[in-house]
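Asker: mind folding the following:
(chains A and B)
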Amino acid sequence: MDPKGRMSRLTSLLRRRGIVLPSFEIYGGVSGLVDYGPVGARIKRRVVNSWIDHWGSVPNIVEIDSPTITPEDVLVASGHVGEFNDKMSECKSCGGAFRSDHLLDEFHDNPDTLDSSELDELISKNGVVCPSCGSHEWAAASAMNLMFQTSIGAMGGSRSAFMRPETAQGMFMLYPALYRHFRQRLPFGAMQTGKGYRNEISPRQGMIRLREFNMAELEYFIDPENPPVTDLSRWPRKVCMIPDPEGPHPNEVEVTIEEAFESGIVKHPTVAWFLAMTMQFLEDVGIDPSKVRFRQHASSEMAHYASDCWDCEIIGEHGWIEVVGIANRTCHDLESHEKHSKSGLLRAWRSFENPIKESREVLKPVGSVIGPSFRDRAGEVSLALSELTDLPESTPFSLTLSDGTSVQIEEGMVTRSLQETVVSGEYFTPHVIEPAFGIDRIIWHILDHNYLEMEKEGDEYTILSLEPTLAPYDLVVLPLFDKDGMDVMAREILDEIGSISGVIAEIDTSRSIGRRYARADEIGIPWAVTVDHQSLDDGTLTIRRRDDQSQIRIDVGTLIQCLTSKTLHTLF
RNA sequence: GCGCCUGUAGUGAAGGGGUUAUCACAAGAGGUUUCCAACCUCUUGUCCCGGGUUCGAAUCCCGGCGGGCGCACCA
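Answerer: The predicted model follows:
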């Protein structure tokens, strides 16, 4: 078959079989929005479940679920309102559009802090030329808002809000509850799957750049002075890594994650652990590991919140595509939310190994004397006394208050004593390591890598070789003929299978048996169970394996047992 | 957003200012057949949307929407 048309054949299949289709098609469709049909939605649910199970197997990681509508304040604090409102300048001559701040990089230290009129002024003053046609006729800078804006409340006085551009803020909002849940002990993680929204300028490439998309994010809160270290030798596979070309390890390498960490390519032990866990997840859902690489962001490419970032990229019909971003967000979010919200709950407590004992001499105010003597300034005086570092040898002495004025402290106003304090720890803002998965992009690559075009007896033949745990149906029941009792028996078996928890089966009765196998193979059903004449006599069934069309014969009881214990594959 | 190309059943395509728009595959009903897209009969279903030109538009023109590629954008 023509390899060039592979992508369009795959896309046709996805539409035809109800896997992924354009949304709102009878109204002309909307670019950047897609539907998962009856088959695709099953696959998607199972991919998401696999993701939740993968990270949920780590004991200190929990799942949460937050609103997609997010008040403006939250996204101001997170930096999204600022970062997502880039100004664009359009060239009047050729129509090219460019980020206004990028045009001014040479002329201003911090061009992204400027407003529209300042940008326009600087652009014309410096005679900035259009990078594509060389003209310097610019239209006025205008904002492009990459977030969908809405408001909370139907009437006047409503609050400005946005559809969330990432799920991560939900985890930060819940930090106090998480900290309590985990009994004030780091590290811990919270994960969430759900929709995110970005009003892309030009969505392209099918399900790769969507305006509404499925994300799966995990925020792992750690003590930066005591980051968790994992035994990386559990992941012996070599992976392709492309470190920052401007960094100390500029060359692409094939190494294990453990080697990458030990050689300093990956600096942070927790980031290294997430790279390994991410790789394992992708393999588990049927991504071809030889088509995966990790690429480190150059500092210029980094998101506003990150200090280090590795993209996990997968190659497929669309080329190398970022499907996971693993970022060290440090304390950026929690600190910024603390500042904006004035909440005191966004910290963690770190006990010192050896509590710091301090004893120092202090002058304690005698309230009954200080009060009447200084009246409304008595509080100030007490404060100034507590802040004294060099205690005067004797009274009376002159004490400087915070407002700069001095008062005279007389004998009897203070008592000298030894104060003992024990500092057993300190509050700090946890750091956050975040893996952020683009579920739709991963599903695309699962479909891409498992879409097999082959030849069968001279004809073209297609198999979606999905991992059995991700298949839209676990098996299909096929009566060889839809009559003579085979139809009844097939439906009885389907009923029985339907009562097994977590197993989804369907029945297909129309047309020839070969055609029905082909239909099942095409949407990735791993097993076909055929009821034939012999089944009626002795209760045995044919089990056919999708990937090699091999068959065995077992009785109904064995089938039910194997489905219940998920051991059907062991019979082959 | 700009430029080039493009839009016909579920899918892939042909055609095209004039009677009822064509084909293959798919799908539904029935028949036949003892396990890999067989065959026979019947059936369902299509010109992206809006405006213009015209006696007549699915066809030509303009706009919108969608798709592909390039430019730009993409935490």
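Asker: list the buried ones in stretch A:288-296?
Answerer: Going by neighbour count (16 or more other CB atoms under 10 Å), the buried part of stretch A:288-296 is A:Asp288, A:Lys291, A:Val292, A:Arg293, A:Phe294, A:Arg295, A:Gln296. Placement of C-beta: from N, CA and C, glycine included.
Asker: could you export these as JSON lines, including distance to A:Ile52?
Answerer: Below are the buried residues of stretch A:288-296 laid out as JSON lines (distance: CB to CB, whole Å):
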{"residue": "A:Asp288", "distance to A:Ile52": "23"}
{"residue": "A:Lys291", "distance to A:Ile52": "24"}
{"residue": "A:Val292", "distance to A:Ile52": "21"}
{"residue": "A:Arg293", "distance to A:Ile52": "25"}
{"residue": "A:Phe294", "distance to A:Ile52": "23"}
{"residue": "A:Arg295", "distance to A:Ile52": "26"}
{"residue": "A:Gln296", "distance to A:Ile52": "27"}
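Asker: what's the closest of those to A:Glu453?
Answerer: Minimum distance to A:Glu453 across the buried residues of stretch A:288-296 is 15.3 Å, recorded for A:Asp288 (CB to CB).
Asker: my read is that the closest one contacts A:His449, right?
Answerer: Yes - contact between A:Asp288 and A:His449 holds when scored by CB atoms under 8 Å: they sit 4.6 Å apart.
Asker: host element of A:Val271?
Answerer: In the assignment (DSSP states H and E), A:Val271 maps to helix A:269-284.
Asker: for the record, mean pLDDT for the helix or strand just after that helix?
Answerer: In the C-terminal direction, the helix or strand that comes right after helix A:269-284 (DSSP H and E) is strand A:292-296. On average, the pLDDT along strand A:292-296 is 95.
Asker: partner strands of strand A:292-296, with direction?
Answerer: Strands that pair with strand A:292-296, judged by DSSP bridges, come out as strand A:238-242 (parallel), strand A:308-316 (antiparallel).
Asker: tell me the most buried of those?
Answerer: Most buried of the strands paired with strand A:292-296 by mean neighbour count (mean count of other CB atoms under 10 Å) is strand A:308-316; its value is a mean of 22.
Asker: packing partners of the following helix or strand past that one?
Answerer: Sequence-wise, the next helix or strand downstream of strand A:308-316 (DSSP H and E) is strand A:319-330. Here strand A:319-330 touches helix A:269-284, strand A:308-316, strand A:431-438, helix A:439-450, going by 3 or more CB pairs under 8 Å, 6 or more residues apart in numbering; DSSP states H and E.
Asker: listing partners with orientation, what would you give for strand A:319-330?
Answerer: Assessed with DSSP bridges, strand A:319-330 is paired to strand A:308-316 (antiparallel), strand A:431-438 (antiparallel).
Asker: turn those strands into CSV, including distance to A:Arg545.
Answerer: Converted to CSV, those look like this (distance: least, CB to CB, whole Å):
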stretch, distance to A:Arg545
strand A:308-316, 26
strand A:431-438, 30
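Asker: for A:His332, which of those strands is the nearest?
Answerer: Closest approach to A:His332 among those (CB to CB): strand A:431-438, 7.9 Å.
Asker: close to RNA strand B, is that closest one?
Answerer: No - judged by CB under 7 Å from any atom of the strand, strand A:431-438 makes no contact with RNA strand B; its nearest approach is 8.2 Å.
Asker: thank you kindly, that will do.
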